[in-house]
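Peer 1: Next come a sequence and a model predicted from it.
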Amino acid sequence: MGFDIESLAEATSGAIGSLVSTTVLYPLDTCKSKYQAEIRAHHQQRYRNISDVLWEAISTRQVLSLYQGLGTKNWQSFVSSFIYFYGYSFLKRLYLEKSGSKSIGTRVNLMIAVAAGAGTVLLTHPLDTASSKMQTSEFGKSRGFWRTLSEDSWEELYDGLGISILLTTNPAIQYTVFDQLKQRMLKGKMRKKGDLESAPQALSALSAFLLGAVTKCIATCITYPAIRCKVTIQSAESEDDVEDEAQLKYRKTVSGAFHTIWKTEGLWGFFKGLQAQILKTVLSSAVLLMVKEKISKGTWVLLLALRRYLLINSSKARLKSS
């Protein structure tokens, strides 16, 4: 039961942290996604940099459209983060119990993170695709969540699934490095004995923010070409230069996305928007981990108190019935 409480605390605090970071940084995320989704030769590009997206929204009086798809994105972020952190924490504790080890090495940690990420992607990918399509639609012309789900086939909602599973290496790299560095930073601290006092230690807000920023920057730089391809696959229908249905279907494949970017923009096209991606994901991840670290112990205590309350009530009910 103990690992269930700790896993649930990890999942809850991680999901809340994700919700906060997604909401705060959503306009930046929209600008980044629309900039990444555009695939055209340099002289034909509508957006020369990410600020052009922002100025377009301002000049057309569509500033609120920077928030189009926020509800879907928040739902996707909360659910995926909850599933990921629960699975990640559960698998780590299960490994420690089965192996008898006192700590997890980097290789095993990475494998656990990838497994948790792959399971999360399979369950939440339709939400990710829907939010991506809503973000990259023309300002003021975004379809609602239910309309997006109802009008698109299941095959379309799983556009880019393969590359999304590949991208589970991104959070896997980040959280593995984060956990390994965190363990080293907390290694010298003594845990207090007792029940409530034995709650997992947490980093300070500043330490968690800086460590989260550094680890996410590393993971993003390594996996960025796949990130760019994923955005172009999921938003292919919003491009107005697609000639026919066959070309559209081809662009929605991994090989088609790679070929289109290479043919249209060259090698550097795979890194278009890297600075914006780093800015957004680093800030987002840093805020997420900062919030998660600050509320994780409180969440653990509340869930433990809730469990005790339910056990006491259950015991009283059994006594009355007997």
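Peer 2: Right, received. Where do you want to start? Only a predicted model underlies this, so the values are computations on that prediction, with no experimental measurement involved. Residues are numbered from 1 along each chain as shown.

Peer 1: switch to C-alpha atoms for all contacts and neighbour counts from now on
Peer 2: Will do.

Peer 1: Look at residue 293 and give its secondary structure.
Peer 2: Here residue 293 is recorded as helix under DSSP: H, G, I helix; E, B strand; the rest coil.

Peer 1: how about the helices of the stretch 151-300 of the chain, start to end?
Peer 2: 154-157, 161-166, 169-186, 205-234, 245-251, 254-265, 274-321 (DSSP state H, counting those that start in this stretch).

Peer 1: Could you say which helix or strand holds the nearest residue to residue 136 once chain neighbours are set aside?
Peer 2: Once flanking residues are discounted, residue 136 sits nearest to residue 34: 4.9 Å by Cα to Cα, 6 or more residues apart in numbering. Assigned by DSSP states H and E, residue 34 belongs to helix 26-37.

Peer 1: and that helix, what does it pack onto?
Peer 2: Applying 3 or more Cα pairs under 8 Å, 6 or more residues apart in numbering; DSSP states H and E, we find helix 26-37 packed against helix 50-59, helix 106-136, helix 205-234, helix 274-321.

Peer 1: Quick one: mean pLDDT for it?
Peer 2: Summarised as a single mean, pLDDT over helix 26-37 is 88.

Peer 1: what separates it from the chain centre, distance-wise?
Peer 2: In this view, helix 26-37 has its centroid 15 Å away from the chain centroid, taken as Cα atoms, centre = their mean, to the nearest Å.

Peer 1: what angle sits between that helix and helix 274-321?
Peer 2: Angle of helix 26-37 versus helix 274-321, following axes from the mean of the first three to the mean of the last three Cα atoms, to 10 degrees, is 130 degrees.

Peer 1: residues making contact with helix 26-37?
Peer 2: Applying Cα atoms under 8 Å, 6 or more residues apart in numbering, the external contacts of helix 26-37 come out as 47, 49-51, 53-54, 66-67, 70, 132, 135-137, 228, 231-232, 235-236, 239, 272-273, 276-277, 280.

Peer 1: Buried ones only from the residues you listed, please, as a PyMOL command.
Peer 2: A single PyMOL command is used to select the members of these judged buried by 16 or more other Cα atoms under 10 Å:
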select buried, resi 47+49+50+53+54+66+67+70+132+135+136+137+228+231+232+235+236+239+272+273+276+277+280
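
Peer 1: just for the stretch 151-300 of the chain, where's the confidence low?
Peer 2: Applying pLDDT under 70 to the stretch 151-300 of the chain picks out residues 151, 188-202, 236-248.

Peer 1: So for residue 19, which of the helices and strands packed on helix 26-37 sits nearest?
Peer 2: helix 274-321 (8.0 Å; Cα to Cα).

Peer 1: Tell me the gap between that closest one and the middle of its chain.
Peer 2: Using Cα atoms, centre = their mean, the offset of helix 274-321 from its chain centre is 18 Å.

Peer 1: swap in stretch 306-322?
Peer 2: 39 Å.

Peer 1: CA atoms only for that stretch - export them in PDB, please.
Peer 2: Backbone C-alpha positions of stretch 306-322 (Å, rounded to 0.1, in the frame of the first residue of the first chain) are rendered in PDB as follows:
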ATOM      1  CA  LEU A 306      -6.700  10.400   3.900                       C
ATOM      2  CA  ARG A 307      -5.700   6.800   3.900                       C
ATOM      3  CA  ARG A 308      -5.600   6.700   7.800                       C
ATOM      4  CA  TYR A 309      -9.000   8.400   7.900                       C
ATOM      5  CA  LEU A 310     -10.500   5.800   5.600                       C
ATOM      6  CA  LEU A 311      -9.000   3.000   7.500                       C
ATOM      7  CA  ILE A 312     -10.300   4.300  10.800                       C
ATOM      8  CA  ASN A 313     -13.800   4.700   9.400                       C
ATOM      9  CA  SER A 314     -13.600   1.300   7.900                       C
ATOM     10  CA  SER A 315     -12.600  -0.300  11.200                       C
ATOM     11  CA  LYS A 316     -15.400   1.500  13.000                       C
ATOM     12  CA  ALA A 317     -17.900   0.300  10.400                       C
ATOM     13  CA  ARG A 318     -16.700  -3.300  10.900                       C
ATOM     14  CA  LEU A 319     -17.000  -3.000  14.700                       C
ATOM     15  CA  LYS A 320     -20.500  -1.700  14.500                       C
ATOM     16  CA  SER A 321     -21.600  -4.400  12.100                       C
ATOM     17  CA  SER A 322     -20.100  -7.100  14.300                       C
END
